[in-house]
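A.B. asks: what's the 3D shape of this:
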Amino acid sequence: MNRIVSVVVGLLILFMIASSTLFVVDQRQFAVVYSLGEIKEVITEPGLKFKLPPPLQNVVFLDRRVQTLDAADPRPIFTAEKKSLVIDWLVKWRIVDSRQYIRNSGTQLRNLETRLSPIVQAALNEEVTKRTVRAVLATEREKVMQDVRKRLEEEAKQFGIEIVDVRVKRVDFAANITESVYNRMKSERARVANELRSTGAAEGEKIKADADKQREIITAEAYRDAQKIMGEGDAKASALYSESFGRDPQFAQFYRSLDAYQRSFKGKGDVMVLDPSSQFFNTMRTGGPGAPAAAPKK
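C.D. replies: This next block holds a predicted model:
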């Protein structure tokens, strides 16, 4: 029985030793084999691998995927105009040299991020301070990110990493100048609005004055044409009257008298006091052209 137990225990020990010499490398990882505290080998190919049992050798795994470093506490940066901006950024990176990475930062990602974050902030400061707010926000935003990435690529070599991308996520004015910037924008918009209103009012007055001028011209021309037509009509009427009255002067005299009577006696209650022997009353006494003269009263 003791013999069987000894065999079983021996097999278990052998199994444990054998299992401690085998390990699996995932395709998303690097495997760093340490031998007595020193890096012996870096395994980049995935699969089942072999090593000596501890404490002779042990394995540390590093993530080979792309990592993201976010700005933990963005600080204000002054632009070329001395405007304070708070820029929220992120950096994409990954390990390319495991030995260099471990020598400088160990095996914890937090150690690298703690050292890399101020380097990114310093590179961003140098690029932003050379540009205006407009350039940082719009015209040269992409250029800022490209220049920061170029600066970081040299710094990244000492950490054994590769900079994949640099992005500016958000740009804000510092809290102490936000209100003044908004007030300035408001004043500028109000100035533009007043200028547009003034221009519109001036254009309106110009159009109104031009319309009044055109109206006066049209009215004057119409009055001129009307007077001309009336004058021509009166001339023709006078010519016709003269021709007609010239043929029969007595009838003309009679017609003028009737016209005078018609103008004088318009209302039914009109009363006129005249001398029966006056020239105005002559036609009423005689009865018109060709009528016998009335006998004088005795």
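A.B. asks: Mind giving me the packing neighbours of whichever strand or helix holds residue 232?
C.D. replies: Counting by DSSP states H and E, the secondary-structure element that holds residue 232 is helix 175-247. Applying 3 or more Cβ pairs under 8 Å, 6 or more residues apart in numbering; DSSP states H and E, one finds that helix 175-247 makes contact with helix 249-264. No exception for glycine: its C-beta is placed from N, CA and C like everyone else's.
A.B. asks: Tell me what angle the helix it packs on forms with helix 175-247.
C.D. replies: Orientation check (axes from the mean of the first three to the mean of the last three Cα atoms, to 10 degrees): helix 249-264 against helix 175-247 gives 140 degrees.
A.B. asks: Buried residues, helix 249-264. List them.
C.D. replies: Of the residues in helix 249-264, those buried by neighbour count under the rule 16 or more other Cβ atoms under 10 Å are 252, 254-255, 257.
A.B. asks: same deal with stretch 39-53?
C.D. replies: The neighbour-count criterion (16+ other Cβ under 10 Å) identifies 43, 49, 51 as the buried residues of stretch 39-53.
A.B. asks: what's the nearest residue to the first one once chain neighbours are set aside in contact with, if anything?
C.D. replies: What that stands for is residue 43. Counting by Cβ to Cβ, 6 or more residues apart in numbering, residue 31 is the residue found nearest to residue 43 once chain neighbours are left out, at 4.0 Å. When contacts are counted by Cβ atoms under 8 Å, 6 or more residues apart in numbering, residue 31 is found next to 23, 25, 42-43, 49, 59-62.
A.B. asks: Pretty sure residue 31 sits in a helix.
C.D. replies: No. The assignment for residue 31 by DSSP: H, G, I helix; E, B strand; the rest coil gives strand, which leaves it out of any helix.
A.B. asks: Can you give me the pLDDT of residue 78?
C.D. replies: As summarised for this prediction, residue 78 has a pLDDT of 87.
A.B. asks: from memory it sits against residue 129, does it?
C.D. replies: Yes. Contact status for residue 78 versus residue 129: in contact at 6.1 Å, counting by Cβ atoms under 8 Å.
A.B. asks: do you know how far residue 187 is from residue 198?
C.D. replies: Counting by Cβ to Cβ, to the nearest Å, the gap from residue 187 to residue 198 is 16 Å.
A.B. asks: Oh, that last question was meant for residue 220, not what I typed.
C.D. replies: On the measure of Cβ to Cβ, residue 220 and residue 198 end up 33 Å apart.
A.B. asks: For the stretch 1-150 of the chain, which segments count as helices?
C.D. replies: Listed in chain order, the helices of the stretch 1-150 of the chain (DSSP state H, counting those that start in this stretch) span 2-20, 98-105, 109-128, 133-134, 141-156.
A.B. asks: quick one, which of those is nearest to residue 88?
C.D. replies: Each of the helices of the stretch 1-150 of the chain was checked against residue 88 via Cβ to Cβ, and the shortest separation belongs to helix 109-128, namely 10.6 Å.
A.B. asks: Give me the helices and strands touching the closest one, please.
C.D. replies: Contacting helix 109-128 under the criterion 3+ Cβ pairs under 8 Å, 6+ apart are the following elements: strand 67-70, strand 76-78, strand 84-95, helix 98-105, helix 141-156, strand 161-173.
A.B. asks: Just send these back as a markdown table, with mean neighbour count too.
C.D. replies: Below are these laid out as a markdown table (neighbours: other Cβ atoms under 10 Å):
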| stretch | mean neighbour count |
| --- | --- |
| strand 67-70 | 14 |
| strand 76-78 | 16 |
| strand 84-95 | 18 |
| helix 98-105 | 17 |
| helix 141-156 | 16 |
| strand 161-173 | 16 |
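A.B. asks: Dump these to a markdown table, plus distance to residue 35.
C.D. replies: Output for those, formatted as a markdown table (distance: least, Cβ to Cβ, whole Å):
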| stretch | distance to residue 35 |
| --- | --- |
| strand 67-70 | 28 |
| strand 76-78 | 47 |
| strand 84-95 | 21 |
| helix 98-105 | 13 |
| helix 141-156 | 28 |
| strand 161-173 | 24 |
